[in-house]
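[1] quick one, what's the 3D model for this:
(one chain, ligands or ions: 2)
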Amino acid sequence: MTEQTRETCLAIFGGSGIYEMPGLTIEEEREIETPWGMPSAPVTIGRLNGVRVLFLSRHGKGHTIPPSELNARANVAAAKMLGATDMLSLSACGSFREELAPGDFVAVDQFVDRTKGRTPSFFESGCVAHVSMAHPVCSRLTEEAAQAAEAAGARVHRGGTYLVMEGPQFSTKAESELYRSWGMDVIGMTAMPEAKLAREAELPYAILGMVTDYDCWHEDEGPVDVASVLAILAQNRDAGQRTVAEIARMIGPERTPSPDGIETCLDFAIVTPPEARDPQVLRKLKTIAGRVLG
Ligand SMILES: CSC[C@H]1O[C@H](OP(=O)(O)O)[C@H](O)[C@@H]1O
Ligand SMILES: Nc1ncnc2[nH]cnc12
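    Ligands and ions are numbered 1, 2, ... in the order given. Predicted coordinates for the structure are as follows:
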């Protein structure tokens, strides 16, 4: 490794239907406590195509945690604390466009966050920060994920806005039509605040939306239900898992910083001056922002 490079450590957050990562040579299942509590499940640590990989089942083993109760802070903090350099999320989603068909993958590049009541930040009273979310995903990791999904045999759409709803109920037809009129591309319940927290932890983030349904706007399709989502995911699980193996192979063990400056985004984001910072809050924050908080 040169001074410019460090060892890749790819965190994979598997969503609905993706509860394990075949091909991963497992070294450890780590129960890790973060300052924000326990993540959804023990983190599986191992190697895939020579790359260090951390795998977390977002909804927990047995899919026991609903979207509104996910402890996204603990999930992202656990990845950071275990040395993640990059984070790829796989997420089932509904489609608002005819051409984004069930079975397709979308390399999401924007979000509209319509969640309510979830804690969206690691920062709090005692240490305040405002990071930019203008470009919420890492352009390089997203392109690599798109290429990996294609190599895994998926039909991939580059670019798309993911509307994050609260759930757990699916949308009404009026909501579905409203989101379509806004120009949204896909909908899910889990990408926020995960993507915001990844940014605060200076982790380059990418998300592949695995389209499972047309929500409830499509005249020729019945409204989405869990059975049809899971049926499509069962058909696509292999492609999702092969995508991860491919991206590990493409990225390789030696990585250079993200071209988007994500790993240094906290340099000018913290507004509370050092003398006004709460030491107790700092103790927690050092686990995800040790680079700037020492
Ligand atoms: C099982 S359908 C609704 C569920 O699917 C998506 O989850 P994930 O991102 O974990 O794949 C959606 O966001 C909902 O959580
Ligand atoms: N239509 C939909 N709405 C919200 N989350 C979803 N996950 C999969 N399909 C979905």
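[2] once you drop chain neighbours, what's closest to the residue in the chain that ligand 2 sits nearest to?
    At 2.4 Å from ligand 2, G94 is the closest residue in the chain, using C-beta to the nearest ligand atom. No exception for glycine: its C-beta is placed from N, CA and C like everyone else's. Taking C-beta to C-beta, 6 or more residues apart in numbering as the measure, G94 lies nearest to D215, with 3.7 Å between them; neighbours along the chain are not counted.
[3] hmm, C93 and the one you found touching each other?
    No: D215 is beyond contact range of C93, at 9.1 Å (criterion: C-beta atoms under 8 Å).
[4] between the two, tell me which one has more neighbours.
    A direct count of neighbours by other C-beta atoms under 10 Å for D215 and C93 places C93 higher, at 31 against 26.
[5] could you point out the helix or strand that follows the helix or strand hosting the more buried one?
    If you go by DSSP states H and E, C93 is part of strand 86-95. Where DSSP H and E defines the elements, the next helix or strand beyond strand 86-95 is strand 105-107.
[6] can you list residues touching both of D215 and C93?
    I187 (C-beta atoms under 8 Å, 6 or more residues apart in numbering).
[7] wasn't the residue nearest to G94 part of a helix?
    No: using DSSP: H, G, I helix; E, B strand; the rest coil, the assignment for D215 is coil, not a helix.
[8] who's in contact with it?
    Counting by C-beta under 8 Å, 6+ apart, D215 touches G94, S95, F96, F170, S171, S176, I187, P223, V224.
[9] for the last one, the count of nearby residues, please.
    Residues contacting V224 under the criterion other C-beta under 10 Å number 21.
[10] burial measure for the nearest residue in space to it that is not next to it in sequence, as a count.
    Computed as C-beta to C-beta, 6+ apart, the closest residue to V224 that is not its neighbour in sequence is D213, at 4.0 Å. Using other C-beta under 10 Å, D213 has 24 neighbouring residues.
[11] mind checking how far D213 is from ligand 1?
    Distance, D213 to ligand 1, using C-beta to the nearest ligand atom, to the nearest Å: 9 Å.
[12] isn't that residue up against F96?
    No: the criterion here is C-beta under 8 Å, and D213 misses it with F96 at 10.8 Å.
[13] quick one: residues contacting the residue of the stretch 1-150 of the chain found nearest ligand 1.
    Proximity of the stretch 1-150 of the chain to ligand 1 (C-beta to the nearest ligand atom) peaks at G15, 2.3 Å away. Residues in contact with G15 (C-beta under 8 Å, 6+ apart) are R58, H59, S89, L90, S91, A92, T190, M210.
[14] neighbours around the closest residue to Q235 other than its chain neighbours, how many?
    Using C-beta to C-beta, 6+ apart and skipping residues adjacent in sequence, the residue nearest Q235 is G103, 6.6 Å away. By the criterion of other C-beta under 10 Å, G103 has 15 neighbours.
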